[in-house]
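Novice: This is the structure alone, sequence omitted:
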């Protein structure tokens, strides 16, 4: 591989935060005074605010003109705050969101819709939700989907809530108080099971990259409420014994939940119901083309289940009688609500548009490309000094991702995975993702190319890591003190935990400055 790396350096502006800017009287928009007749009829708008909710003083907001605001945020954007170039964001399948999908999601028919308005006025929106439901049914074999959950952890909790309601209806909830997960299952499964009141049994990985059937049989009993796992896991390992797992749980009276966060490498190749699962979830904001927008959303965790579990799903569900769509609230056995209203419609619109444009053939090709890209990258990455693959004894090919380790690099040079992340930013690409905790693999990193990046981009990503490895062995301090080409240089981590050096809110920052009696320009802004 002979990939030439680009020269990169982020612009640096001495840019204050916006609350430090502005001048009294500056306005972006000037509104006309309220007409006397309107004021006489409506009264003063301030009177509509209860006295207990009124501010004692005006908020400390900056006063700026519209161009000043625009220039400020353009300068911040030039400092590359956010994704910059190649972003192989592991386990999240960050896809390109086509602009036409974005445009449709921002139409007023979507953004101005209120979930409590009359159903006759939102038939089109309900049709899209129902259409996405049917697409996911085809991909999973499930009988019903609900889009209320706000993400993966929400969907996992939805499964726990449905599990609880299902066993309660059978009179077995007091007995079935255990949920089985595995150590490489997403931590949200164990966390949500505990939050829902279940005890959690966690199975450990063995030589082949997944827990053994013997370990599962030892954990399953008449106290088992459910099994929760993802397959393939975040290391790219697929458990070929999965049908036997779900059979064992089913015969013990439990239900099986499939976390499809890593579905990208298996789209159209497997169906959860045919593998014996009773419920599953999909990440619309990952696998189905809607942008994740970082931690916190917007997101949708689409939860689906069998007809046997469907009565216990959160309400309302979108139903269709052949002529009209409606929100079905008449569900007496429902576990209730997991989130407000009935789903994040703009994300569903983007996912629906992506699914319809891809079709079954496009999804199958995207899945093939994801697996191909991952295995192509593996050859290049394992040729780099200091890089090893997790579970070397597991010989089966990995699917859409592989977990690697920089432990050898650290032992040889003292450079750890966080140092490498910081140095990657100096080449204008996004730092790699490491791993969920607990770190089963020391000094981990988990690239996931998906289907959207071409061979040239993958070669660049590999070449950057190879360059940093060479630097670590020849000049480790260069890597340890990175980044060098960013607007914000390496933060001093010790300061993050020191309240003398930071404030969580603008009000706390002002109070701190007042107490310290320091001029504004004396306060460090970049954490150098």
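Specialist: Okay, I see it. Here the structure is a predicted model, which means the values were calculated and not measured.

Novice: Quick check, pLDDT for residue 91.
Specialist: What the model reports as pLDDT for residue 91 is 61.

Novice: now swap in residue 343 and tell me
Specialist: On the pLDDT scale, residue 343 is placed at 85.

Novice: how many other residues sit next to it?
Specialist: By the measure other Cβ atoms under 10 Å, the count of residues near residue 343 is 23. All C-beta atoms are positioned from the backbone trio N, CA, C, and that covers glycine.

Novice: what kind of secondary structure is it in?
Specialist: Following DSSP: H, G, I helix; E, B strand; the rest coil, residue 343 is assigned to coil.

Novice: And for residue 472?
Specialist: Reduced to three states by three-state DSSP, residue 472 is helix.

Novice: which residues does it contact?
Specialist: When contacts are counted by Cβ atoms under 8 Å, 6 or more residues apart in numbering, residue 472 touches 386, 409, 412-413, 415, 419-420, 479.

Novice: And residue 406, by the same measure?
Specialist: Contacts for residue 406 (Cβ under 8 Å, 6+ apart) come out as 386-387, 415-417, 420, 443-445.

Novice: After the host helix or strand of residue 189, which helix or strand is next?
Specialist: Element membership of residue 189, judged by DSSP states H and E, is helix 187-195. Using DSSP H and E, the helix or strand that follows helix 187-195 in sequence is strand 199-203.

Novice: Let me know how buried residue 474 is, in neighbour terms.
Specialist: When counting by other Cβ under 10 Å, one arrives at 10 neighbours for residue 474.

Novice: One more: residue 57?
Specialist: 5.

Novice: Surely residue 418 forms part of a strand?
Specialist: No - counting by three-state DSSP, one finds residue 418 to be helix, located in no strand.

Novice: quick one: low-confidence parts of the stretch 351-500 of the chain?
Specialist: The stretch 351-500 of the chain contains residues with pLDDT under 70 at 496-497, 499.

Novice: now the angle from the longest strand along the chain to helix 187-195?
Specialist: In the chain, taking DSSP state E as the definition, the longest strand is strand 224-230. Counting by axes from the mean of the first three to the mean of the last three Cα atoms, to 10 degrees, strand 224-230 lies at 160 degrees to helix 187-195.

Novice: I'd like the average pLDDT over strand 224-230.
Specialist: When pLDDT is averaged along strand 224-230, the result is 97.

Novice: neighbouring contacts of it?
Specialist: Residues contacting strand 224-230 (Cβ under 8 Å, 6+ apart): 156, 159-160, 163-164, 167, 173, 176-182, 185-186, 189-190, 193, 198, 245-246, 249, 252-262.

Novice: quick one on the thing from earlier: between the contacts of residue 472, which sits nearest residue 117?
Specialist: Nearest to residue 117 among the contacts of residue 472: residue 420, at 51.2 Å, using Cβ to Cβ.

Novice: Spit out the contact partners of the spatially closest residue to the closest one that is not a sequence neighbour.
Specialist: Leaving out its chain neighbours, the residue that sits closest to residue 420 by Cβ to Cβ, 6 or more residues apart in numbering is residue 468, at 5.5 Å. Listed by Cβ under 8 Å, 6+ apart, the contact partners of residue 468 are 420, 423-424, 479.

Novice: who's in contact with stretch 365-377?
Specialist: Stretch 365-377 is contacted from outside by 93, 236, 264-269, 358, 397-402, 447-451, 453, 455, 458, 461-462, using Cβ under 8 Å, 6+ apart.

Novice: same thing but 6 Å
Specialist: For stretch 365-377, contacts defined as Cβ atoms under 6 Å, 6 or more residues apart in numbering pick out 264-265, 267, 397, 399-401, 449-451, 458.

Novice: List the buried residues of it.
Specialist: Of the residues in stretch 365-377, 366-367, 369-371, 373-375, 377 count as buried by neighbour count, 16 or more other Cβ atoms under 10 Å.

Novice: same check, this time on stretch 480-493
Specialist: Here stretch 480-493 shows 480, 482-483, 485-489 as buried, counting by 16+ other Cβ under 10 Å.
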